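>>> A structural model of the following input is requested.
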Amino acid sequence: MLASRFRTAVHASALLIPFIAEVTSESTVVMVLVATTAVYILSEALRLRGKRVPLVTRFTLVMSRDDESSHLVVSPIYLAVGVVLSLLAFPKNIAYASITIAAVGDPVASYVGRKLGRIHVKQKTLEGFAAGLIVSFAAALLWVSPYFALAGSIAGMLVELLGILDDNLTIPIGAGSAMLIATIL
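Numbering: from 1, shown residues only. Model (predicted):
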């Protein structure tokens, strides 16, 4: 239960990325995320060889599920890569909205799906999908128009519902791609 709360908090902390990018710059955020991810990967490699990096290893083990602790915990890497790719590939407002959709939609869908989910699609639930869609739509309105927020939220939450690859990577990319396509239509 504690791991789930920490995972949700880390996921939701991605909400800060657009605001930090506005205060500093997108390139600064990208560099910091790439460096942090490199340190994380190094600490994971050391952990798997029996060596601990004081704070990072403890944090990783607290956040990991029981079935993850024996191998590389990749979810944080995928989230960082999804955020970085969004910042590099999409216009600023779409990048920020796609990151926001991932930061709020995925944890809300997961929580509601676990607590209230009845109608299953693979390992996810339609109730989680609906909750994630509503919340991510509302949050994306901070950055884009309702039309783009809806397109991005639908795409992001469909990716989450269908479990395409690791949704930490595919939600921001799917949401951003849908919004980019919507600009053409």
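
>>> residue contacts, Gly174?
Counting by Cβ atoms under 8 Å, 6 or more residues apart in numbering, Gly174 makes contact with 155-156, 158-159, 164. C-beta coordinates here come from the backbone N, C-alpha and C atoms, glycine included.

>>> buried ones in stretch 35-55?
Under the neighbour-count criterion of 16 or more other Cβ atoms under 10 Å, stretch 35-55 has 37, 40, 43-44, 47, 53 buried.

>>> quick check: the farthest pair among the residues you listed?
Greatest spacing in these, by Cβ to Cβ: Thr37 and Arg47 (15.2 Å).

>>> and of the buried residues of stretch 35-55, the nearest to Ser145?
Among the buried residues of stretch 35-55, Thr37 lies closest to Ser145 (Cβ to Cβ), at 31.7 Å.

>>> might one say that the closest one is in contact with Ile77?
Yes - judged on Cβ atoms under 8 Å, Thr37 makes contact with Ile77 at a distance of 5.9 Å.

>>> flag every buried residue along the helix or strand of the chain with the lowest mean pLDDT.
Lowest on mean pLDDT, DSSP states H and E among the helices and strands of the chain sits helix 2-13, with a mean of 78. Buried positions in helix 2-13, judged by neighbour count with 16+ other Cβ under 10 Å: 7-8, 10-11.

>>> and the strands in the protein, which stretches?
Per DSSP state E, the chain carries strands over the ranges 120-121, 124-125.

>>> just the ones you listed: most buried one?
When the strands of the chain are scored by mean count of other Cβ atoms under 10 Å, the highest mean neighbour count falls to strand 124-125 (a mean of 22).
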